[in-house]
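*Asks:* Got a sequence here, can you model it:
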Amino acid sequence: VQLQASGGGLVQAGGSLRLSCAASGLTFGNYAVGWFRQAPGKEREFVAISWRGGTTYYANSVQGRFTISRDSAKNTVHLQMNSLKPEDTAVYYCAADSSGGRLSTGQSDYWGQGTQVTVSS
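*Replies:* The predicted structure is shown next:
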């Protein structure tokens, strides 16, 4: 199983990025999928989750700015990030787990390698 995260980069505050997470060896439709991030010197934190049934949930800090979505045909999950702020700067990781409850606490059997997002002020 491999999760490949991509789409990070350098963007000015107020800008947008779309992250992608492509899976091989598992079908996202059978899993809850989430995004997490870790800023330098800080612990990894929850960003967004898409439960198997399609329900989504976001951290308060990104609610209304970020959107998690699934592309079943491509077995890919996206994180659309709008109105980016310098405090969004972090390495972003995707993860998948058969238990949405477990994933929402940051526990998962499957993690992507991370993609760097840097937002300049």
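
*Asks:* Show me what counts as buried in the least confident helix or strand in the chain by mean pLDDT.
*Replies:* Of all helical and strand segments in the chain, the minimum by mean pLDDT, DSSP states H and E falls on helix 100-104, at a mean of 92. Of all the residues in helix 100-104, those buried under the rule 16 or more other Cβ atoms under 10 Å are Gly100, Leu103, Ser104. Every C-beta, even on glycine, is put in place using the N, C-alpha and C of the backbone.

*Asks:* Give the other helices and strands that that helix contacts.
*Replies:* strand 32-38, strand 45-50, strand 90-97 (3 or more Cβ pairs under 8 Å, 6 or more residues apart in numbering; DSSP states H and E).

*Asks:* again, only using 7 Å
*Replies:* strand 32-38, strand 45-50 (3 or more Cβ pairs under 7 Å, 6 or more residues apart in numbering; DSSP states H and E).

*Asks:* Give the next helix or strand downstream of the last one.
*Replies:* Once the chain leaves strand 45-50, the next helix or strand it forms, by DSSP states H and E, is strand 56-58.

*Asks:* Select, out of the helices and strands packed on helix 100-104, the one closest to Gly114.
*Replies:* Closest approach to Gly114 among those (Cβ to Cβ): strand 32-38, 7.9 Å.

*Asks:* mean confidence score for that closest one?
*Replies:* For strand 32-38, mean pLDDT is 98.

*Asks:* and that strand, which strands flank it?
*Replies:* Take DSSP bridges as the rule and strand 32-38 pairs in its sheet with strand 45-50 (antiparallel), strand 90-97 (antiparallel).

*Asks:* okay, the ones you listed, which one's buried deepest?
*Replies:* strand 90-97 (a mean of 24; mean count of other Cβ atoms under 10 Å).

*Asks:* and the most centrally placed residue in the chain, what is it in contact with?
*Replies:* When Cα atoms, centre = their mean is applied to the chain, the residue found nearest the centroid is Trp35 (2.4 Å). Contacts for Trp35 (Cβ atoms under 7 Å, 6 or more residues apart in numbering) come out as Val47, Ala48, Ile68, Leu79, Tyr92, Cys94.

*Asks:* which one of those is nearest Ala59?
*Replies:* Once Cβ to Cβ is applied, the member of the contacts of Trp35 that ends up nearest Ala59 is Val47, at 5.5 Å.
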